[in-house]
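Trainee: here is the input, now give the coordinates:
(2 chains)
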Amino acid sequence: MMVLQNLGFFLQHCAKAKALRSGLSLHAAAIKIGLVAETSICNHILNFYAKCGLLHPAHQMFDEMPHRNLVTWSAMISGYNLWGRPHIALQLFSKMQKHFKPNDSVFSSALSSCASSRDSNFGQQIHALALKLNYCSVSFVVNSLILVYMKCGMCGDGLSVFTDSSFVHPTLVSYNIAITGLVENKLFEKGMELFMILFRRGLLPDRFTFAGLLGASEAVYGLSTVLQLHCQMVKLGLDCISFSGNVLMTLYSKFSLFPESYKVFRSIGEKDVCSWNTAITYCCHGDDHSKALDVLREMDANPDDYTYASVLSAAANMASVRIGKEIHCRLIRTGPEWDVGVRNALVNMYGKCGNITSAYTVFERMEIRTLISWNTIIAAFANHGHAEKAMALFDEMKTIGVEPDSITFLELLSACSHSGLADEGKMVFESMSRVYGISPGIEHLCCLVDLLGRSGRLSEAEEYSDKQLRDDEVVLGCLLSASRVHGDVGVGERIAKRLVRLGPLSAASPYVLLSNLYAMNNNWDAVLRSRRLLRDGDVEKEAARTSIYVCTLRI
DNA sequence: ATAGGGTTAG
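Mentor: As a prediction, the model looks like this:
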């Protein structure tokens, strides 16, 4: 009896700590002393396997057990639920009902499976069963139920569970799940309402509440609301813990308030990898690439795939092959298990830094390639003026069965543009909708018009732009620029008139182009006129500037 | 039971 209890206790510990080796030797010991016929021991062994994600041995135990009880089923169902197999978990739940009535923990596992597989039908069935068996006052069954409805986008049903009179004491967790669900379903005001009610009920929000409320994929609250929420978080000390602080950082960045985001980062006490990654990412978005690299050097957590992908992108944007190589070396030293995202970022970095050979080597050595990998390498060759290679890679990717997207075509068009291949560009453009069912966007049209214009095929370019239903500032800008290159005042004036009709322009370049066009033809009065237009339009023309990165090699 | 981060173009 003693042995039985102790063995069970140890196995439970192994399951919790995911201690594989110890658990396995306990299983061996159980066989050796002939305890594998004991239902309770078998349950413990099964549970150990299930919690560790070893679903095969767990299920084998399940099949071989002479007597199964509710705990057996519960452990098996929870294992499948825990390790991302919700459908199997639900099948088992159905089978189980022939033998046992579910208890609260089985209910909770099954409902969690419904939530992750977005199975509202099954959820409703379990809801009915829970009502029948009187489990709808147990808080964590009800919480799981709210989660199911929210994940399935049935917010009304979720909220009615929440306000159901039999559910007398919604806990903070219930509020958190409901608020998070409402925000996920874009019902921001409802979420905020519930947030207020929570206060009135005398509860205090925690990190989950704020994370749920602030986790909106877009900044919808308006800055003043965000500031108020930030204040609340400061009061409760939740701004300086990573869990909710990270979300706040992301939110500020959505308002492009990168310095604010960075301040939050600095105030977080124990920063986790994600805090560091978020800081690095948004330094990059704020165009402060060298700060991003400083953050990397200061980082005390272990960098992961996300870190390296972001930081390589910083190196790429600075076009600094020195820093890029430094990071690559670090990857080689600590690798080799870097995922496809990191490798894509490497290819991109070498491409942007002008090292096409290294870019291609990294690409060729990749075992797994995504659409982004192909797009990245095609862009690299396109930018280096190797249109044929870009096209060849496009063919190769189609042969393997990777479906191109609109970005692929943008890059192919840019490849043609960089190499002056007007006819090929037209073919690419035409094939988009005809062969691939992707309708060209305004940016594709710009690229093509630009390409035709540069090749001196102004009338063709104008034809394409006329197929547009309305005038577009950028497309017309391309045409104007082409007429400038070829000194065609007739086309230039016609386009300029259309541009002016669009109203005040956001960019100064069309005015400048037009005046340069006149200057080319020695029409100085017209130059003055177009310059005045620029001033009257209240458009600022910033002085152009160029910067280079100086790097000293020490040999 | 409840979260947060990346890599392609523009």
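Trainee: what's the burial count for residue A:82?
Mentor: Neighbourhood size, residue A:82 [other CB atoms under 10 Å]: 18. C-beta coordinates here come from the backbone N, C-alpha and C atoms, glycine included.
Trainee: got the contact list for it?
Mentor: A:50-51, A:53 (CB atoms under 8 Å, 6 or more residues apart in numbering).
Trainee: any chance of the backbone angles for residue A:154?
Mentor: Main-chain dihedrals, residue A:154, degrees, to the nearest 10: phi -100, psi 70.
Trainee: state the pLDDT value of it.
Mentor: What the model reports as pLDDT for residue A:154 is 94.
Trainee: and what of residue A:510?
Mentor: Here, the pLDDT recorded for residue A:510 equals 63.
Trainee: please apply the same query to the one 3 residues further on.
Mentor: Reading off the per-residue confidence, residue A:513 sits at a pLDDT of 65.
Trainee: and the nearest residue to residue A:100 once chain neighbours are set aside, what is it in contact with?
Mentor: Residue nearest to residue A:100 in three dimensions, not counting chain neighbours: residue A:70, with 4.7 Å by CB to CB, 6 or more residues apart in numbering. Neighbour list for residue A:70: A:100, A:102-103, A:106 [criterion: CB under 8 Å, 6+ apart].
Trainee: separation between the closest residue to DNA strand B within chain A and residue A:293?
Mentor: Across chain A, the shortest distance to DNA strand B (CB to the nearest atom of the strand) belongs to residue A:341, at 2.1 Å. With distances taken as CB to CB, to the nearest Å, residue A:341 is found 19 Å from residue A:293.
Trainee: check residue A:400 too.
Mentor: Relative to residue A:293, residue A:400 is positioned 35 Å away (CB to CB).
Trainee: higher neighbour count, these two?
Mentor: Legend: neighbour count by other CB under 10 Å for residue A:400 and residue A:293, higher for residue A:293 (21 against 9).
Trainee: tally of neighbours for residue A:159?
Mentor: For residue A:159, using other CB under 10 Å, the count is 19.
Trainee: which residue packs closest to it, ignoring adjacent ones?
Mentor: residue A:178 (6.7 Å).
Trainee: the one you found sits in which helix or strand?
Mentor: Residue A:178 is part of helix A:172-184, with elements assigned from DSSP states H and E.
Trainee: residues in contact with that helix?
Mentor: So helix A:172-184 is contacted by A:139-140, A:142-143, A:146-147, A:149-151, A:155, A:158-159, A:162, A:188, A:190-191, A:194-195, A:197-198, A:203-206, A:208-209, A:211-213, A:215-216 (CB under 8 Å, 6+ apart).
Trainee: weed out the non-buried ones from these.
Mentor: Buried members of the contacts of helix A:172-184, scored by 16 or more other CB atoms under 10 Å, are A:140, A:142-143, A:146-147, A:149-151, A:155, A:158-159, A:162, A:188, A:190-191, A:194-195, A:198, A:205-206, A:208-209, A:211-213, A:216.
Trainee: for DNA strand B, tell me which of these show up nearby.
Mentor: When contact is defined as CB under 7 Å from any atom of the strand, the buried ones among the contacts of helix A:172-184 meet DNA strand B at A:140, A:143, A:147, A:208, A:211-212.
Trainee: among those, which one has the lowest pLDDT?
Mentor: Within these, pLDDT is lowest for residue A:140, at 84.
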